[in-house]
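**Student:** predicted structure and sequence below. I'll ask about it afterward.
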Amino acid sequence: MRNETFIEFWLRDATQILLRYLFIAGIAFIIFYILFKKAFWFRKIQKKLPKLKDYKRDIVYSFISVSIFATVALFVFYYLISYTNIYFDFNEYGTVYYILSWFWMFFLHDTYFYWIHRMMHHPKLYRKIHLIHHKSTNPSPWTAYAFHPFEGFLEALIAPLIAFTLPVHISSFSLFFLFQIIYNVYGHLGFELYPRKFHKTWIGRWINTSVAHNLHHKKFDGNYGLYFLFWDRIMGTVREDYNKTFDETTAKKVINNS
């Protein structure tokens, strides 16, 4: 990495993050909002489409977020990599630890996100910062990275939090953040992909779904989690209309000409 200048490193990282975002959000948008919209419409959570201005706003703010993510990555992996607990030799900790480190990253990110997200709903922070993300009351894949710059910075801080806590292999770190954007796009997809009654299974009741996060955007509170509903259930912030909405969204295929 030191063979690159910091500008080259930033540009490479920003390009990588941007292309990943455009590819994953773009594929989801093409499939669900263009090519197979009618086929999947019965799984549309809100039976309407966002407006063109919503897509444009989300994409603009997402580009800003990408630049912020790349800047945070620059400090972690260009200037401070030798001080982190990121390791490169797989055999240093072995396979079992490699797998367990994923559980740690999921727990840390979900916990960090839940509490930061609730903080963003403080009236003063909401009006000045988080409102940008909530302008999409009917979110789409492009909403995944649509943050106010300050919120984008807070979102990006999960990278150094992971890097400076328990040891994590560089490959699991990279794959984890790939999964993060995939699940983030799913959470803002506007369509529910999990099967009927999934939310009532022993594992499904703890998993955050697109319905859960869509309700958060539509109603503005409750369902604050990212990957899971652990903190929402512990803190009593699961919306009361969650089960009903999930049931209605996944009930059966209906004919709709929207």
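**Tutor:** Nice, I can see it.

**Student:** quick check: phi and psi on residue 225?
**Tutor:** Backbone torsions for residue 225, taken as degrees, to the nearest 10, come to phi -70, psi 170.

**Student:** do you know how far it is from residue 124?
**Tutor:** 23 Å (C-beta to C-beta, to the nearest Å). For the C-beta atoms, the positions are set from N, CA and C on the backbone; glycine is no exception.

**Student:** who's more crowded, those two?
**Tutor:** When residue 225 and residue 124 are compared for neighbours, residue 225 comes out ahead with 26 against 7, by other C-beta atoms under 10 Å.

**Student:** which residues touch residue 241?
**Tutor:** 215, 219 (C-beta atoms under 8 Å, 6 or more residues apart in numbering).

**Student:** again, but for the one 5 residues further on
**Tutor:** With contacts defined as C-beta under 8 Å, 6+ apart, the neighbours of residue 246 are 192, 198-199, 209, 211-212.

**Student:** state the distance from it to residue 199.
**Tutor:** Residue 246 sits 5 Å away from residue 199, taking C-beta to C-beta as the criterion.

**Student:** quick one: common contacting residues for these two?
**Tutor:** 209, 211.

**Student:** wait, residue 192 touches residue 211, no?
**Tutor:** Yes: in terms of C-beta atoms under 8 Å, residue 192 counts as a neighbour of residue 211; the distance is 5.0 Å.

**Student:** what do the two both touch?
**Tutor:** 45, 246, 249.

**Student:** TSV for those, including secondary structure, pLDDT and distance to residue 238?
**Tutor:** Below are those laid out as TSV (DSSP: H, G, I helix; E, B strand; the rest coil; pLDDT from 0 to 100; distance: C-beta to C-beta, whole Å):
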residue	secondary structure	pLDDT	distance to residue 238
45	coil	98	16
246	helix	98	11
249	helix	97	16
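
**Student:** so which residues of the chain form helices?
**Tutor:** 6-29, 37-40, 52-74, 94-120, 123-125, 131-134, 149-156, 158-163, 170-187, 210-219, 230-235, 242-250 (DSSP state H).

**Student:** which of those helices sits most buried?
**Tutor:** Comparing the helices of the chain by mean neighbour count (mean count of other C-beta atoms under 10 Å), helix 210-219 ranks first with a mean of 22.

**Student:** and it, average pLDDT?
**Tutor:** Mean pLDDT, helix 210-219: 98.

**Student:** low-confidence bits of the stretch 51-200 of the chain, can you list those?
**Tutor:** Regions of the stretch 51-200 of the chain meeting the criterion pLDDT under 70 are absent.

**Student:** with just CA atoms, put stretch 63-73 into CSV.
**Tutor:** Extracted C-alpha coordinates of stretch 63-73, given in CSV (Å, rounded to 0.1, in the frame of the first residue of the first chain):
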residue,chain,number,x,y,z
PHE,A,63,-21.7,9.9,-3.9
ILE,A,64,-20.8,12.2,-1.1
SER,A,65,-20.9,9.3,1.4
VAL,A,66,-18.6,7.3,-0.8
SER,A,67,-16.0,10.1,-0.7
ILE,A,68,-16.3,10.1,3.1
PHE,A,69,-16.0,6.3,3.4
ALA,A,70,-12.9,6.5,1.2
THR,A,71,-11.4,9.2,3.4
VAL,A,72,-11.9,7.2,6.6
ALA,A,73,-10.4,4.1,4.9
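
**Student:** and the contacts of that stretch?
**Tutor:** Here stretch 63-73 has contacts from 10, 13-14, 17-18, 21, 145-147, 149, 152-153, 155-157, 159-160, using C-beta under 8 Å, 6+ apart.

**Student:** if anything else comes up later, I'll come back, but that's it for now.
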